[in-house]
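*Asks:* got a predicted structure here, sequence first:
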Amino acid sequence: MLGIDPKAARFTWTAALIVLVLATVYWIRETLLVFTIALMFAYLLYPLFDWLQAKAHARTSALALTFLIVLGFIGGFATFIGNRVGYEAKQLAAQLQQPGWQQQFADWRIFDIPIGAQITEHYSEIAARIPSLAFQVIAASSNLIDLIVIPILAFFILKDGREIRDAILNLFDTKRDTIQALLEDAHTLLLQYMRALLLLCLATLTVFSIALAAMRVPYAMLLASVAFMLEFIPMIGPLAAAGIIVTMSFYAGYGHIVWLLVFLGVYRLFQDYVLSPHLMRRGVELHPLAVIFGIFAGGELGGVAGIFLSVPTLALIRLMYYRMTLTRSVKKVI
């Protein structure tokens, strides 16, 4: 009657709704990151929780026992390597305070380019920025409350996961089967990703601690622990770990940097092309361009946490696209 095409109106309202949803997600991105990390942590605990629940036939008891076992494992692990890592960290700090370390740093060259001399030239400027950087670190430490909130959220996710899934399914009565299949695929994908990520990090810690100690690299356990933590961050983490290991070994006077670079390169090739594809299997693997895009986009939206979540998020988007394409193909056949 008014000359408005109903189809165009629906398209306009749909586009406006999508824009509104995206804007809302951007506004509350920090809160969503906390809940998403809690979800990933819950998936990390889920295999143990599921096994204990099958044995005990009691959901609450299995959940409490899961957290007790994990906390005990983390405490024992920290006690086992914490003393060694702390001792090596003190040694490193003492060495950096020695008078000759700055000159050794100034002599650092890469392909005959005096990199260290250029940095030393601006040493006073760098030192002047240290207080402001310290205040930024202190301000960022307020986010430590998330370390308390995330396990609590993960507890409730594991406790009420089935009820949450059923509530989501009830919102889609007309497409319940499709949404249920999508949730099951996402559940499998996240379980597989978190299991593979944990195994990759543990493999890095084990191999690096043994190999660096065998190569008599200074501060071997400390450097292996750094590599273990950075392995959780896709692409950027391993590169940063390699840079830290090479740099600190050079500062410590290690005389076989070339062999250290060979080891780091061979291990990265082994992990990227043998171990990681075997653990990730199909469904999680993404094109390198997609991974690079996700890393930069995740870093813009959520910093380190955004980078950590970039790969599973892109894998879930790919999974949703595949499921939607499959559903449309089935409808055409019918």
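*Replies:* Here it is on my side, so go on.
*Asks:* check the gap between Val226 and Gly253 for me.
*Replies:* 19 Å (C-beta to C-beta, to the nearest Å). From N, CA and C alone the C-beta is placed, and that goes for glycine too.
*Asks:* more crowded one of the two?
*Replies:* Legend: neighbour count by other C-beta atoms under 10 Å for Val226 and Gly253, higher for Val226 (20 against 10).
*Asks:* and that one, how close does it get to Phe77?
*Replies:* 15 Å.
*Asks:* surely Gly294 touches Pro312?
*Replies:* No. Here Gly294 does not reach Pro312: they are 9.5 Å apart, not a contact under C-beta atoms under 8 Å.
*Asks:* now do the contacts for Phe232.
*Replies:* Residues near Phe232 by C-beta atoms under 8 Å, 6 or more residues apart in numbering: 197, 201, 308.
*Asks:* switch to 6 Å and redo it
*Replies:* Going by C-beta atoms under 6 Å, 6 or more residues apart in numbering, Phe232 touches no other residue.
*Asks:* wasn't it part of a strand?
*Replies:* No. Going by DSSP: H, G, I helix; E, B strand; the rest coil, the assignment for Phe232 is coil, not a strand.
*Asks:* do a quick rundown of the helices in the stretch 51-200 of the chain.
*Replies:* Counting by DSSP state H, counting those that start in this stretch, one finds helices in the stretch 51-200 of the chain at the ranges 59-96, 101-106, 115-121, 123-140, 145-170, 176-214.
*Asks:* now the helix or strand Leu22 falls within, how far from the centre of its chain.
*Replies:* Per DSSP states H and E, Leu22 falls inside helix 6-27. Here the centre of helix 6-27 is set off from its chain's centre by 31 Å, with C-alpha atoms, centre = their mean, to the nearest Å.
*Asks:* now do stretch 207-214
*Replies:* 23 Å.
*Asks:* mind listing what's buried along that stretch?
*Replies:* Residues 207-209, 211-212 are the ones in stretch 207-214 that count as buried (16 or more other C-beta atoms under 10 Å).
*Asks:* and the residues you listed, which is closest to Leu169?
*Replies:* Leu169 has its nearest neighbour among the buried residues of stretch 207-214 in Val207, at 43.2 Å by C-beta to C-beta.
*Asks:* so what's the closest one up against?
*Replies:* By C-beta under 6 Å, 6+ apart, no residues touch Val207.
*Asks:* switch the cut-off to 7 Å
*Replies:* Residues near Val207 by C-beta atoms under 7 Å, 6 or more residues apart in numbering: Tyr267.
*Asks:* likewise for the one 5 residues further on?
*Replies:* Counting by C-beta under 7 Å, 6+ apart, Leu212 touches 220, 223-224.
*Asks:* redo the residues you listed as CSV? Include distance to Val304.
*Replies:* What follows is those, written out as CSV (distance: C-beta to C-beta, whole Å):
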residue, distance to Val304
Ala220, 25
Leu223, 20
Ala224, 20
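*Asks:* which pLDDT value belongs to Ala16?
*Replies:* Note on Ala16: pLDDT of 76.
*Asks:* contacts only, for it.
*Replies:* Residues near Ala16 by C-beta under 7 Å, 6+ apart: none.
*Asks:* same check on Ala203?
*Replies:* Leu275.
*Asks:* what pLDDT does it get?
*Replies:* On the pLDDT scale, Ala203 is placed at 92.
*Asks:* what's the most buried one of the helices of the stretch 51-200 of the chain?
*Replies:* Neighbour counts (mean count of other C-beta atoms under 10 Å) averaged over each of the helices of the stretch 51-200 of the chain peak at helix 176-214, with a mean of 17.
*Asks:* and the angle for that one with helix 145-170?
*Replies:* Going by axes from the mean of the first three to the mean of the last three C-alpha atoms, to 10 degrees, helix 176-214 is angled at 150 degrees with respect to helix 145-170.
*Asks:* low pLDDT regions in the chain?
*Replies:* Residue ranges of the chain with pLDDT under 70: 1-11, 92-147, 173-174, 280-287, 326-334.
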